[in-house]
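Q: Based on what follows, work out the 3D shape:
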Amino acid sequence: MKKLGLSYVQKLSGEEWTDYNAHDPGVTILEQLCFGLTDIAFRTNFPIEDILATPPKGLISPRKNSFHSPSAVFSNHPVTLVDFRKLIIDSFEEIQNAWLIPLQEEYKAESLNGLYKLEIMPSLAFSKELEQNPGREDGFLKSLREYLEGIRNMGEYFEEVVLLKPEPFVLSAEIEIKEELEPNKVMAEILLNWKSTSIKPWPIPVLKS
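A: Numbers count the residues shown, from 1 in each chain. This is a model prediction of the structure:
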């Protein structure tokens, strides 16, 4: 197996790698790989009873060879930004919507991947609770950060978590309508459409599965 591996290395590396003696670190890594593959192939030929059972009584040790649940064995973390958004929104009733923004250093051609800024839109009920008890925000952000540390992948980090605050504003506009339209009816339709798109007391279903 080592000879076969060296032949592949020689074909693929060309003139970049010319030292194939035992002291070369690359050869050492190749030897470790060959040993691991050989050991795995040797062990997989054992009878399943010998693999699971522990001598001398031939009993299965729960600590060494217990059968774990599928959620523990086949668990995986979110991968895409949409995966993170879905999981965060579904895991906290205080959150109505969330956005992950990749952070990139300005004025640099290359930047680190995996740094995110998380913006949280609180639910209406949680917003009212924060008005009465502002100290609730620190506890919520602490629990959210602990949760994020548990679901992030290697090489990823949530550098900033921002809980968005309501921002009062005044909307003013001049609207021209046709003579045959009723002003009161037009105003009612405007207010209805504005309310339906700006105020939502339920989680916004904007994420496609």
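Q: List the residue ranges of the chain that fall below the pLDDT cut-off.
A: Under the criterion pLDDT under 70, the flagged ranges of the chain are 64-66, 71-72, 74-75, 105-112, 196-209.
Q: buried ones in the longest helix seen in it?
A: For the chain, the longest helix by residue count, based on DSSP state H, is helix 25-44. The neighbour-count check on helix 25-44 (16 or more other Cβ atoms under 10 Å) flags 27, 30 as buried. To be clear about C-beta, it is placed using only N, CA and C from the backbone, and glycine gets the same treatment.
Q: do you know how far Gln32 is from Phe67?
A: According to Cβ to Cβ, to the nearest Å, Gln32 stands 30 Å off from Phe67.
Q: ok now do the residue positioned nearest the centre of the chain, which residues does it touch?
A: For the chain, the residue sitting closest to the mean C-alpha position, by Cα atoms, centre = their mean, is Pro78 at 3.6 Å. Applying Cβ atoms under 8 Å, 6 or more residues apart in numbering to Pro78 gives the contacts 84, 86-87, 151, 153.
Q: Can you tell me which of those residues has the most neighbours?
A: Phe84 (23 neighbours; other Cβ atoms under 10 Å).
Q: now it, nearest residue through space, not along the chain?
A: Nearest in space to Phe84, with sequence neighbours left out and distances taken as Cβ to Cβ, 6 or more residues apart in numbering, is Pro78 at 4.7 Å.
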